[in-house]
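[1] I'll drop the sequence and a predicted model, then ask my questions.
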Amino acid sequence: QVQLVESGGGLVQAGGSLRLSCAASGRTFSTYTMAWFRQAPGKEREFVAAINWSGGVTAVAQSVKGRFTISIDNAKNTVYLEMNSLKPEDTAVYYCASDRTAAVGPRKYDYWGQGTQVTVSS
């Protein structure tokens, strides 16, 4: 079993920045892919970014490319999502996800965290 715990969400003004963290525990993660998704009120959950455990392969959604960066700290079993130039439309609950499938990108993942709220005010 894998446990994922997100943190770092909050309220920020448009144009501001936040860094989300996802701490993973419970298994050996050397073969895991990690991802971030988000879900805004009344909308479906959407893919944001993903990274393999070595950090050598990443994928980022077009809607956030150039503003969001995904990274990983293997020593801490933690994945980060650095969010810059935030817009009101980035407001959503952000979820961390993972599994052992090698494909890095928008797909179904097996393990999910509880989510962290990000609110961007205009």
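    Nice, thanks for sending it over.
[2] poorly predicted segments of the chain, please.
    By pLDDT under 70, the low-scoring segments of the chain are 28, 30.
[3] mind listing what the residue nearest the centre of the chain touches?
    With distances taken as C-alpha atoms, centre = their mean, W36 lies nearest the centre of the chain, 2.5 Å away. By C-beta atoms under 8 Å, 6 or more residues apart in numbering, the residues touching W36 are L20, C22, V48, A49, A50, I70, V79, L81, Y94, Y95, C96, A97. Yep, even glycine has a C-beta here, placed from its N, CA and C like the rest.
[4] cool, S21 as well?
    With C-beta under 8 Å, 6+ apart, S21 has these contacts: E6, S7, G8, T78, V79, Y80.
[5] pull out the buried members of the residues you listed.
    E6, G8, T78, V79, Y80 (16 or more other C-beta atoms under 10 Å).
[6] shouldn't the fourth one be within a strand?
    Yes. Counting by DSSP: H, G, I helix; E, B strand; the rest coil, V79 is part of a strand.
[7] contacting residues for it?
    S21, C22, A24, M34, W36, I51, I70, S71, I72, D73, C96.
[8] follow-up on the earlier one: mind putting the buried ones among the contacts of S21 in CSV, distance to Y109 included?
    As requested, the buried ones among the contacts of S21 are arranged in CSV below (distance: C-beta to C-beta, whole Å):
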residue, distance to Y109
E6, 14
G8, 20
T78, 17
V79, 12
Y80, 17
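[9] for the residues you listed, which one is nearest K65?
    Closest approach to K65 among the buried ones among the contacts of S21 (C-beta to C-beta): Y80, at 16.6 Å.
[10] how far away is that closest one from Q1?
    For Y80, the distance to Q1 equals 23 Å [C-beta to C-beta, to the nearest Å].
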